[in-house]
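> sequence? don't have it. structure:
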């Protein structure tokens, strides 16, 4: 009896403990599961961003480490008062982002509307139309540089055959034509993003809305304005915002097609930072420029979401 | 009369714009392929040949063996495959946590994922260079693999969350009743049903790593470690550009991305629509 009691006591106590322990592990499972991702994101995204703010207040030049020291706001002062490239690059950035996002949205929406119709080989045509989305900025630069080239470029050849120009032009050498050329090349790569997201959104508009519009005698333009466009609003707001940030930061084509030239006419702020980072060594100054860019984007995002009254609940 | 009017209408508002769009999209691709198959002399000869007069694969041989595209290709492949592997494991775990559990801090985690989407990528290049220089990983594929995984995980987590939510919870409960533990239930029951989602996530991640330029440029300074975009960019910056080999190298770099994209396009459209909407 005694022995049995002795045996039973621990048995009971372990049984009591077991569910408790299990309950605890279950509680920790989601945290265990998100831990690796969180660590990666914090260490290699958030921490680096944090250091940018730190370095922006430092004199930090990897080619002259003896002069590294706390700089206070010197770097920022230099940006706004001495730097002759800052304001022109800001203006170029504005031109670049507005023309890219505006044109991509218009053509992307057109493409989505076309691809949403019923027609033969629709799947294949869709795949073909989306291809540039999968192509890198560097590859697009190569392709378009082959076409824009003064001596062997097909654009000169076509334009001469059509009688638009009488002799070959170096499209990437003039400041206006260089800008337009890069805008077209980037447009080629950017339209599919809008086409894909807007097409997905178009497919989710209930058919009844269109039937109701038809019953009410609305024509195509009115149906588009009062049924299609309002239904797409949230997608358009979010995709344009993401795209503004993306185009603001995208330098692949600028870097490879024009290198920011001629005479800095295609140097956006990000291109300027990339130049500083890749070819320069003054990381303190580069970091300060980066902080300014970040502030501009942040203010833009907040204002944009306010003005458009982006509604999360509605989705 | 009415029928012809309708037909003209459809031609002007549908067929014609569609045709223009397709030509604009496909012609640059065609021209690159056309250039890649031309002899060196034919490339600059006027009038321009819109089809290669006598097609040759010389440019491909040059690009692959002499210019270093075989090395760039291998580097890109290594970085891509490793990144996909890491991203899949981590985003399946975190996506699972999001889809199956209610826990304190879930909103904070989601908010953190959302915030990453607004981080300008160009902001990262200077601090990442400093960090990886400190770790001694400049020109090491590991630095790219880690960075790409960190950049991709937020989006793929949201994608995987969506895909996992589509798998009925009862299935895995049944497996656990049958004696599987949590990880076994994920491995043997959820995983097979997630294949379409895993394909989409892998393709999305792989194409990103295959195409990424600025970070790779910043973190690599030995030619032997270049990925394809950096290699192509390097070739474009040379004084005497070999256009035939450049075009051939582009076609080489193009093929895997386009094939993968064509294969997974449908999943991507659904996934992206869901991610943008959700």
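Arrived safely. This structure is a prediction, so every number in the text was calculated from the model and none was measured.
> so is stretch A:291-311 next to chain B?
Yes. Stretch A:291-311 comes into contact with chain B (Cβ under 8 Å from any Cβ of the partner chain), by way of A:293, A:294, A:297, A:298, A:301. Yep, even glycine has a C-beta here, placed from its N, CA and C like the rest.
> looking at those residues, which are in helices?
A:293, A:294, A:297, A:298, A:301 (DSSP state H).
> list only buried entries from those.
A:293, A:294, A:297 (16 or more other Cβ atoms under 10 Å in any protein chain shown).
> returning to what we had before: what's the most distant pair in the residues of stretch A:291-311 next to chain B?
Pairwise distances across the residues of stretch A:291-311 next to chain B (Cβ to Cβ) peak at 12.5 Å, for the pair A:293 and A:301.
> tell me where the model's unsure across chain A.
Scanning chain A for pLDDT under 70 picks out A:1-24, A:310-315.
> in it, which residue is closest to the centre?
In chain A, the centroid-proximal residue (Cα atoms, centre = their mean) is residue A:246; its distance is 2.1 Å.
> I'd like to know how far that one sits from chain B.
9 Å (Cβ to the nearest Cβ, to the nearest Å).
> show me what contacts that residue?
For residue A:246, the contact set (Cβ atoms under 8 Å, 6 or more residues apart in numbering or on different chains) is empty.
> okay, buried residues for whichever helix or strand it is part of please.
In this structure, residue A:246 sits in helix A:229-249 according to DSSP states H and E. Using 16+ other Cβ under 10 Å as the test for burial, helix A:229-249 gives A:231-232, A:234-249.
> number of nearby residues for the nearest residue to residue A:179 once chain neighbours are set aside?
Spatial nearest neighbour of residue A:179, chain neighbours left out: residue A:266 (5.5 Å); criterion: Cβ to Cβ, 6 or more residues apart in numbering or on different chains. Neighbourhood size, residue A:266 [other Cβ atoms under 10 Å in any protein chain shown]: 26.
> and residue A:266, its phi and psi?
With angles defined as degrees, to the nearest 10, residue A:266 sits at phi -120, psi 30.
> tell me how many other residues crowd residue 196.
Going with chain A. As a burial measure, residue A:196 scores 25 neighbours (other Cβ under 10 Å).
> try again with chain B
15.
> next one: residue B:52
16.
> phi, psi for it please.
phi -60, psi 130.
> where does the closest residue to residue A:247 other than its chain neighbours fall, secondary structure wise?
Counting by Cβ to Cβ, 6+ apart, residue A:100 is the residue found nearest to residue A:247 once chain neighbours are left out, at 4.6 Å. If you go by DSSP H and E, residue A:100 is part of helix A:86-115.
> list the buried ones in the very next helix or strand once past that helix?
Next in sequence after helix A:86-115, counting helices and strands by DSSP H and E, comes helix A:122-130. Within helix A:122-130, the residues scored as buried using 16+ other Cβ under 10 Å are A:125, A:126, A:127, A:128, A:129, A:130.
> flag the shaky bits of the stretch 1-150 of chain B, pLDDT-wise.
For the stretch 1-150 of chain B, counting by pLDDT under 70, the residues that fall below are B:1.
> just the strands in it please.
In the stretch 1-150 of chain B, no segments count as strands under DSSP state E, counting those that start in this stretch.
> neighbours of the closest residue in space to residue A:282 that isn't next to it in sequence, how many?
Spatial nearest neighbour of residue A:282, chain neighbours left out: residue A:61 (4.7 Å); criterion: Cβ to Cβ, 6+ apart. Other residues lying near residue A:61 total 17 when counted by other Cβ under 10 Å.
> one more: residue B:131?
Neighbour count of residue B:131, defined by other Cβ under 10 Å: 20.
> now do the SS call for the nearest residue to it once chain neighbours are set aside.
In space, and not counting its chain neighbours, residue B:131 is closest to residue A:48: 6.3 Å by Cβ to Cβ, 6+ apart. Here residue A:48 is recorded as helix under DSSP: H, G, I helix; E, B strand; the rest coil.
> residue A:48 and residue B:129 touch, don't they?
No. Taking contacts as Cβ atoms under 8 Å, residue A:48 lies outside contact range of residue B:129: 9.5 Å.
> just want the most central residue of chain B.
Against the mean C-alpha coordinate of chain B, by Cα atoms, centre = their mean, the closest residue is residue B:207 at 1.1 Å.
> show the average pLDDT along the one helix or strand it maps to.
According to DSSP H and E, residue B:207 maps onto helix B:195-211. Averaged across helix B:195-211, the pLDDT comes to 90.
> who touches the very next helix or strand once past that helix?
For helix B:195-211, the following helix or strand on the C-terminal side (DSSP H and E) is helix B:214-219. By Cβ under 8 Å, 6+ apart, the surrounding residues in contact with helix B:214-219 are A:251-252, A:255, A:274, A:277-278, B:121-122, B:124-125, B:128-129, B:132, B:137-139, B:143-144, B:147-148, B:226-227, B:229-230, B:233.
> average model confidence for helix B:214-219?
93.
> pull the contacting residues for residue B:78.
residue B:141.
> I'd like the distance between it and chain A.
For residue B:78, the distance to chain A - Cβ to the nearest Cβ - is 17 Å.
> so what does residue 57 have for phi and psi?
No chain was given, so I picked chain A. Dihedral angles (degrees, to the nearest 10) for residue A:57: phi -100, psi 10.
> meant chain B, my bad for not saying
Note on residue B:57: backbone dihedrals following degrees, to the nearest 10 are phi -110, psi 10.
> show me what contacts it?
residue B:37.
> quick one, domains of chain B?
Split into domains by automatic domain parsing, chain B comes to B:2-36, B:67-277.
> now for those, which one comes closest to residue A:259?
domain B:67-277 (8.1 Å).
> in stretch A:73-89, what's buried?
In terms of neighbour count (16+ other Cβ under 10 Å), stretch A:73-89 has its buried residues at A:74, A:75, A:76, A:79, A:83, A:85, A:86, A:88, A:89.
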